[in-house]
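Undergrad: what's the 3D shape of this:
(4 chains)
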2 protein chains.
Amino acid sequence: MGPERQPGLRPTARRAIVDAAIRLWAVNPGASLSEVALRAGVGRATLHRHFHGREALVTAVARICLEEMHEAVGQALAPDASARARLRAMFDAVVPLGDRYSFLQREPVADEDVAAGYRAQLDWAVALVSDLKAEGDIAPDVPSAWVVGQIDQLVWTAWNQVARGRVAAADAASLCVRTLLEGLGGKR
Amino acid sequence: MGPERQPGLRPTARRAIVDAAIRLWAVNPGASLSEVALRAGVGRATLHRHFHGREALVTAVARICLEEMHEAVGQALAPDASARARLRAMFDAVVPLGDRYSFLQREPVADEDVAAGYRAQLDWAVALVSDLKAEGDIAPDVPSAWVVGQIDQLVWTAWNQVARGRVAAADAASLCVRTLLEGLGGKR
DNA sequence: CTTGCATGAGACAAAATAGTCTCATTCCGG
DNA sequence: CCGGAATGAGACTATTTTGTCTCATGCAAG
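TA: Numbers count the residues shown, from 1 in each chain, chains lettered A, B, ... in the order given. You can find the predicted model right below:
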């Protein structure tokens, strides 16, 4: 799944459009293509030159989001690290990509590659939770689906709080790990 | 903020429309009014008779959601209970209203009454967190905004998991409390 | 039974959005 | 500097959604 450069079209414009779509749709999933083009600083016609229609843009954005997240996680991940360390590294890598993450979560994409990539990420998360349980970091009686759901939501809320200036970016990942594993209880 | 019955119009139709809107928009915030009317089992014209336009329906729905949640929480709340008991009671009362909750969270409503009600709920949550800290249930070093955010998201995710059959409805509230206060760690 | 009124269905208009096309302008490589 | 190609702006059309209106139907109260 390469970048799929169309012959001749400027990559900078394409990139600007995708970025604008990610940021806009993270907050307002119904934003029109006019708004996307405006935010991207690009003419509406140019948007249609790069992407054949709304759906094409959606799947292109989904691909790029998956790619970026996959790369970010891959970079941050020492494969022989403990499950807990991997969890921490994952939060560190993914929280700054919270807008991309939320896009993938809520946008249903028809494209098969995207669906496969999404499934792969889900499987990865399930495997991580399984390892966390095996290493004693997660109680075995908690449904794994619940844990995965919590991890998902933590990424989004953490990004959100950082974006609103309520939490320092540097604290986000550790807060996530702590919240998930130890909770926010007073007796530590 | 009364029910605002319009003279003559059947309350059952109004109620059906509001319910349909809540359920539909919880999953797909961009659903058209045709879809709402269809889901409500009501003619599109009838919908416009009861609500002057999309915005009117949105604010009416928001009012009703606020009302229902306020009532549900009020019923479940023993005012002299411990903060932890109040937290638990709140989850018990609100998780089944997850669709209403998510609607209020994501739909920006211009109406002043709705905004005031929303602020009141937020204040209530902040006060609860403050009490939780005072009673030693929440670590004082955690930002209160983070705690409130977690509570918000817990309600939504819990409802979601219950709706998808991944978690039993009876377990949801206690899972929420445990997740928030003790976390999902293995060493209890 | 009859009358009144809300409803459902559908036609219709208006507005927003999506998508296409043209043309002058600007940018970039050579 | 020059030429080609992408871009921006705008006109234009199609489709979707919204909102209004009319009229026949059905229900419910009297």
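
Undergrad: of all residues in chain A, which one is nearest the centre?
TA: The centre of chain A sits closest to A:Tyr101, judged by CA atoms, centre = their mean, with a distance of 2.2 Å.

Undergrad: right, and that one touches A:Trp159 too?
TA: Yes. Under the criterion of CB atoms under 8 Å, A:Tyr101 makes contact with A:Trp159 at 7.1 Å. Yep, even glycine has a C-beta here, placed from its N, CA and C like the rest.

Undergrad: thinking again about what came up before, next, the residue nearest to the centre of chain A: secondary structure please.
TA: helix (DSSP: H, G, I helix; E, B strand; the rest coil).

Undergrad: could you measure from it over to DNA strand D?
TA: From A:Tyr101 across to DNA strand D, the span is 27 Å (CB to the nearest atom of the strand, to the nearest Å).

Undergrad: now do A:Cys176
TA: Counting by CB to the nearest atom of the strand - A:Cys176 and DNA strand D are separated by 37 Å.

Undergrad: repeat for A:Ile64
TA: According to CB to the nearest atom of the strand, A:Ile64 stands 17 Å off from DNA strand D.

Undergrad: again with A:Leu9
TA: According to CB to the nearest atom of the strand, A:Leu9 stands 4 Å off from DNA strand D.

Undergrad: dump the residue contacts of that residue.
TA: A:Arg49, A:His50 (CB atoms under 8 Å, 6 or more residues apart in numbering or on different chains).

Undergrad: list the contacts of the residue nearest to the centre of chain A.
TA: A:Cys65, A:Met69, A:Val94, A:Asp152, A:Val155, A:Trp156, A:Trp159.

Undergrad: now for these: which two are most distant?
TA: Farthest pair in the contacts of A:Tyr101 (CB to CB) is A:Cys65 and A:Asp152. Separation: 14.2 Å.

Undergrad: neighbour-wise, which of those two wins?
TA: More neighbours surround A:Cys65 than the other of A:Cys65 and A:Asp152, with 24 against 17 (other CB atoms under 10 Å in any protein chain shown).

Undergrad: helix or strand for that one, which one?
TA: Using DSSP states H and E, A:Cys65 maps to helix A:54-76.

Undergrad: restricting to C-alpha, output the helix or strand just after that helix in PDB.
TA: Next along the chain after helix A:54-76, taking DSSP H and E as the criterion, comes helix A:83-94. The C-alpha trace of helix A:83-94 is given here as PDB (Å, rounded to 0.1, in the frame of the first residue of the first chain):
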ATOM      1  CA  ALA A  83       4.100  -6.300  28.100                       C
ATOM      2  CA  ARG A  84       3.800  -3.400  30.400                       C
ATOM      3  CA  ALA A  85       6.700  -1.600  28.700                       C
ATOM      4  CA  ARG A  86       5.100  -2.200  25.300                       C
ATOM      5  CA  LEU A  87       1.800  -0.800  26.700                       C
ATOM      6  CA  ARG A  88       3.600   2.300  27.800                       C
ATOM      7  CA  ALA A  89       5.500   2.700  24.500                       C
ATOM      8  CA  MET A  90       2.300   2.300  22.600                       C
ATOM      9  CA  PHE A  91       0.600   5.100  24.600                       C
ATOM     10  CA  ASP A  92       3.600   7.300  24.100                       C
ATOM     11  CA  ALA A  93       3.600   6.700  20.400                       C
ATOM     12  CA  VAL A  94      -0.200   6.800  19.700                       C
END
